[in-house]
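# I need the structure of the sequence given here:
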Amino acid sequence: MHKTLRPILFVVAIVLIVGMACSGGSQPTEAPPPPPVETQPPAQQPTEEPPALPTELSPTEETETPPPTEEPAAEKFFTDEFDNGLDNWDFSLTGGGLHDKAKVETQNGKLVFDLQDADLYTFLYSKNTYDDVRVTINVENFGINKSDITLMCRYDETVGWYSFTVAMNGKYNIAARDQFIKKSYVIFNGATNAIRVGQRNEISVVCQGETLILYVNGEEVRRIEETKYGFEEGKVVLSATTYAVYPINLAVENIQISAP
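From the prediction side, this is the model:
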């Protein structure tokens, strides 16, 4: 029996020795890394909306509203050479004549009255009111010699006013208008040689206290002490009219409103 086992044990021993020689000292082989796993990118989160602007400002953020800009008041005393049109005046046109036959406009630095029909009344009113005042114009006549121009002081449409009317032939009158009874009264009328027919003329009127004065080309034509009507304050008015006499064509180079 022992003889039978020896060859078998010898074979087993040889196999064991060969097996150990094949595996001797080598490190174990590392397992390959797992294949990369595809991952979906993370879902994009919705971006936040910017905060809404406040509909009301906090007290510290409120801005002050600037006060409304007021129109500058017209200068009380001034000389108007009509470079800016009729900005310093209010205008009205009345009468039964054809209004499209009346032109009052500035041309080449002059105020031109061109009235081509009877019964036309044009008025330019100052924006300020005055008590004592002097009004001076330089005027040239391009129409008939009967053409006239009127300066008024202390014009108050509810009370009345004083008027000085000078024709280009030298005739003139000083009158008062009583608005309570809607009548005009001539205080004085006359004529003067101081007018320069067919030339430029300077006409000046003064209303000071109870004194009314008319000057033509620097000459005092008439001085009146007026106590009956007693108008005290009002606007200055420049007027040209036709009545039954036309055409009227007058050019006013300038008007000066000053203290007497």
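
# quick check: residue 104 touching residue 112?
Yes. Taking contacts as C-beta atoms under 8 Å, residue 104 lies within contact range of residue 112: 7.2 Å. Glycine gets a C-beta too; all of them are placed from N, C-alpha and C.

# and residue 108, how far is that from residue 133?
Using C-beta to C-beta, to the nearest Å, residue 108 is found at 28 Å from residue 133.

# show me where this protein has its helices.
2-23 (DSSP state H).

# from residue 160, how far off is residue 201?
From residue 201 to residue 160 the distance is 27 Å (C-beta to C-beta).

# quick one, which of these two is more surrounded?
residue 160 (23 against 20; other C-beta atoms under 10 Å).

# test my guess that that one contacts residue 230.
No. Here residue 160 does not reach residue 230: they are 9.5 Å apart, not a contact under C-beta under 8 Å.

# list the contacts of residue 188.
Contact analysis of residue 188 by C-beta atoms under 8 Å, 6 or more residues apart in numbering lists 173-174, 222, 224.

# the closest residue to it other than its chain neighbours pairs with what?
Spatial nearest neighbour of residue 188, excluding adjacent residues (C-beta to C-beta, 6 or more residues apart in numbering): residue 174 at 4.9 Å. Beta-bridge pairing for residue 174 (DSSP bridges): residue 164, residue 188.

# got it, and residue 89?
residue 126.

# thinking again about what came up before, now do the residue nearest to residue 188 against residue 233, distance only.
Counting by C-beta to C-beta, the gap from residue 174 to residue 233 is 19 Å.

# so which of these two has more stuff around it?
Each of residue 174 and residue 233 has its neighbours counted (other C-beta under 10 Å); residue 174 has more, 23 against 15.

# give the contact list for residue 153.
130, 133, 135, 161-162, 205, 207, 234, 236.

# what is the nearest of those residues to residue 122?
When the contacts of residue 153 are ranked by distance to residue 122 (C-beta to C-beta), residue 236 comes first, at 15.0 Å.

# quick revisit: farthest pair within the contacts of residue 153?
205 and 234 (13.5 Å).

# ok, and the closest non-adjacent residue to residue 193?
In space, residue 193 is closest to residue 170, 6.5 Å off (C-beta to C-beta, 6+ apart).

# what about the one you found, neighbour count?
Neighbours of residue 170 (other C-beta under 10 Å): 18.

# if I look at it, how far off is residue 146?
11 Å.

# quickly list what's touching both of the two.
Shared contacts of residue 170 and residue 146, defined by C-beta under 8 Å, 6+ apart, are absent.

# need the contact list for the nearest residue to residue 240 once chain neighbours are set aside.
Take residue 240 and drop its neighbours on the chain: the residue closest to it by C-beta to C-beta, 6+ apart is residue 113, 4.0 Å away. Contact partners of residue 113, counting by C-beta under 8 Å, 6+ apart, are 103-104, 122, 149, 240, 248-252.

# just the buried ones from the residues you listed?
When the contacts of residue 113 are checked for burial by 16 or more other C-beta atoms under 10 Å, the buried set is 104, 122, 149, 240, 248-252.

# farthest-separated two in these?
122 and 251 (13.8 Å).

# ok so, going back, residue 108 and residue 133: who's more crowded?
For residue 108 and residue 133, the more surrounded residue by other C-beta under 10 Å is residue 133, and the numbers stand at 24 against 7.

# pretty sure that one sits against residue 258.
Yes. Using C-beta under 8 Å, residue 133 is in contact with residue 258, at 7.5 Å.

# returning to that earlier point: so how far is residue 224 from the residue nearest to residue 193?
Counting by C-beta to C-beta - residue 170 and residue 224 are separated by 18 Å.

# so where do the strands sit in the stretch 1-150 of the chain?
Applying DSSP state E, counting those that start in this stretch to the stretch 1-150 of the chain gives strands spanning 78-80, 89-94, 102-107, 110-115, 121-130, 133-141, 148-156.

# rebuild those as a markdown table, extending it with mean pLDDT.
Shown next, in a markdown table, are the strands of the stretch 1-150 of the chain (pLDDT from 0 to 100):
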| stretch | mean pLDDT |
| --- | --- |
| strand 78-80 | 97 |
| strand 89-94 | 97 |
| strand 102-107 | 96 |
| strand 110-115 | 98 |
| strand 121-130 | 98 |
| strand 133-141 | 98 |
| strand 148-156 | 98 |
